[in-house]
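In: Build me a structure from this.
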Amino acid sequence: MLSKIVKLNDLVQKARDLHSSGKQIVFTNGCFDIMHVGHVRYLAAARAEGDVLIVGLNSDKSVKSIKGDKRPIVPQDQRAEVLSGMWFVDYITIFHEPDPLKLIQAIKPDVLVKGEDWLEDKIIGADFVKANGGRVIRVPMVHGISTSSIVENIKQYC
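Out: Numbering: from 1, shown residues only. Here you go, the predicted model:
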């Protein structure tokens with residue numbers, strides 16, 4: 001399972017090989033801090049859009065810059081290992097920037113997936129993927145479930 005967690009340089013070569021063999025590469029990214037049913041449904045739906053699902057995982061530093069100093073709750077290595085245990089996730093790479101544009105440009109996915117809470121014109125990398133003949137898919141959200149709401153529920157018990 002841990003062999004699914006790869007460095008960017010190795011992932012770029014794997015992506016080239018996958019493209020050469022005619023595989024459709026799907027890419028998504030996120031923090032995936034406390035995994036919940038919304039994440040699972042989202043990732044399964046993303047994988048259904050192609051042959052291989054690559055997940056760009058925000059590093060701890062990246063999560064802090066996006067979500068604030070109290071996040072992430074789960075360290076990046078553990079978040080990556082949890083993702084690697086999911087059959088529908090093929091590869092995970094950790095990135096340190098606040099957004100995945102460089103990663104998207106490096107692996108050149110055929111399909112870019114984000115949640116429906118993102119307007120297509122606000123999805124980082126959407127223009128790049130479409131300019132290269134790819135598709136952008138917005139997956140329905142599981143309403144009422146989020147890491148933030150789980151954290152708030154936990155606080156009620158403390």
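
In: what sits against the most centrally placed residue in the chain?
Out: Centroid-nearest residue in the chain, with CA atoms, centre = their mean: residue 29, separated by 2.1 Å. By CB atoms under 8 Å, 6 or more residues apart in numbering, the residues touching residue 29 are 55, 56, 57, 58, 95, 100, 103. C-beta here means a position set from N, CA and C on the backbone, and glycine is covered the same way.

In: which residues in the chain form strands?
Out: Ranges of strands within the chain are 25-30, 52-58, 91-95, 111-115, 135-139, based on DSSP state E.

In: neighbouring contacts of the third one?
Out: Counting contacts by CB under 8 Å, 6+ apart, the residues outside strand 91-95 that touch it are 4-8, 11, 14, 29, 52-59, 62, 76, 80, 83-84, 102-103.

In: From the residues you listed, list just the buried residues.
Out: Neighbour counting over the contacts of strand 91-95 (16 or more other CB atoms under 10 Å) leaves 4-6, 11, 14, 29, 52-59, 62, 76, 80, 83-84, 103 as the buried ones.

In: Below-threshold pLDDT in the chain: ranges please.
Out: 1 (pLDDT under 70).

In: Looking at it, which helix is longest?
Out: The longest helix of the chain (DSSP state H) is helix 8-20.

In: Report the angle between that helix and strand 25-30.
Out: 150 degrees (axes from the mean of the first three to the mean of the last three CA atoms, to 10 degrees).
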